[in-house]
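In: here's a sequence, model it:
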Amino acid sequence: MDYSAGIMSHSFWYLETKNTAEYMADDISKNELMELSLNENIYQVDSERRARELVNVCYRRLKGFDNDLLTYLSTCDQNSGKLLVLISVLADDKLFFEFMHEVFREHVLLGNFTIKNSDLDIFFMNKMNQSEVIENWTETTLGKVKANYKKYLIEAGLLQKENDDYKIILPFIDYRLNELITQNNLTPYLNAITGGL
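Out: This is a model prediction of the structure:
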């Protein structure tokens, strides 16, 4: 999987991803989902472009989930649902996962529960030195990607803004959620969130 700045133009889309999981758990194909999105406006959007984008992004995020996990996501509480949506994003976005693994998880392991903007700056500076793709991103692109990382983590309930910094909030992991994550080989993504090894 290559590095991508796609996250800058997508939202967290918690409810939309949860709804997509419900359709996928009912064995609705991507083509059928696209038809529903375009003809019945199941995502309640105001343009055909956004209707197509939601199907493409939400379906891609969830394609690695088995039926049990899709069903769980469509029916679980908000805390577990938001964690699963974040995990689906991490599984789909290599760079965001690396940030979570190398920065967020490291902070949790060290007991440092504050993320600063400088942590993001250092992470991206290191990645620019390792990747020509990221090195060629504009300042605007970098700024949007950084902003969305923080926004996604706030929406997932893992960060809380405190003055100029962000406080890490460790989530409660339901037993069934943990079991399904293991069953779907998604443990590295959960570890990046919880500081697991």
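In: could you pull out the strands in the chain for me?
Out: 114-115, 159-162, 165-168 (DSSP state E).
In: what are the buried residues along the last one?
Out: Okay, so that is strand 165-168. 166, 168 (16 or more other C-beta atoms under 10 Å). For glycine as for every other residue, the C-beta is placed from the backbone atoms N, C-alpha and C.
In: centre of the chain to it, how far?
Out: Centroid separation between strand 165-168 and its chain, computed with C-alpha atoms, centre = their mean, to the nearest Å, is 18 Å.
In: same check on stretch 163-173?
Out: Its chain's C-alpha centre and that of stretch 163-173 lie 16 Å apart, by C-alpha atoms, centre = their mean.
In: ok, and what's touching it?
Out: If you take C-beta atoms under 8 Å, 6 or more residues apart in numbering as the criterion, stretch 163-173 is touched by 79, 83, 104, 107-108, 113-117, 150, 153-154, 157-161, 190, 193-195.
In: so where is the protein shaky, pLDDT-wise?
Out: For the chain, applying pLDDT under 70 flags the ranges 1.
In: number of nearby residues for the closest residue to residue 59 other than its chain neighbours?
Out: Once flanking residues are discounted, residue 59 sits nearest to residue 30: 5.0 Å by C-beta to C-beta, 6 or more residues apart in numbering. Per other C-beta atoms under 10 Å, the neighbour tally for residue 30 reads 16.
In: isn't residue 30 right next to residue 55, touching?
Out: Yes: assessed by C-beta atoms under 8 Å, residue 30 is found in contact with residue 55 at 6.8 Å.
In: what's the first-to-last distance across stretch 132-142?
Out: The straight-line separation of the ends of stretch 132-142 (C-alpha to C-alpha, to the nearest Å) is 14 Å.
In: try stretch 106-126
Out: End-to-end for stretch 106-126, by C-alpha to C-alpha: 16 Å.
In: separation between the residue sitting furthest away from the middle of the chain and residue 33?
Out: Using C-alpha atoms, centre = their mean, the residue of the chain lying farthest from its centre is residue 39. It sits 27.4 Å away. Note on residue 39: its distance to residue 33, by C-beta to C-beta, to the nearest Å, is 11 Å.
In: which parts of the protein are helices?
Out: Using DSSP state H, the helices of the chain run over 14-25, 30-40, 48-62, 67-75, 78-92, 94-99, 105-110, 117-130, 132-135, 139-155, 175-183, 187-194.
In: what's the most buried one of those helices?
Out: Mean neighbour count (mean count of other C-beta atoms under 10 Å) peaks for helix 78-92 among the helices of the chain, with a mean of 22.
In: residues contacting it, please?
Out: Residues contacting helix 78-92 (C-beta under 8 Å, 6+ apart): 7, 12-14, 17-18, 60-62, 64-65, 69, 72-73, 76, 96-97, 100, 152-153, 155-158, 171-174, 177, 181, 186, 189-190, 192-193.
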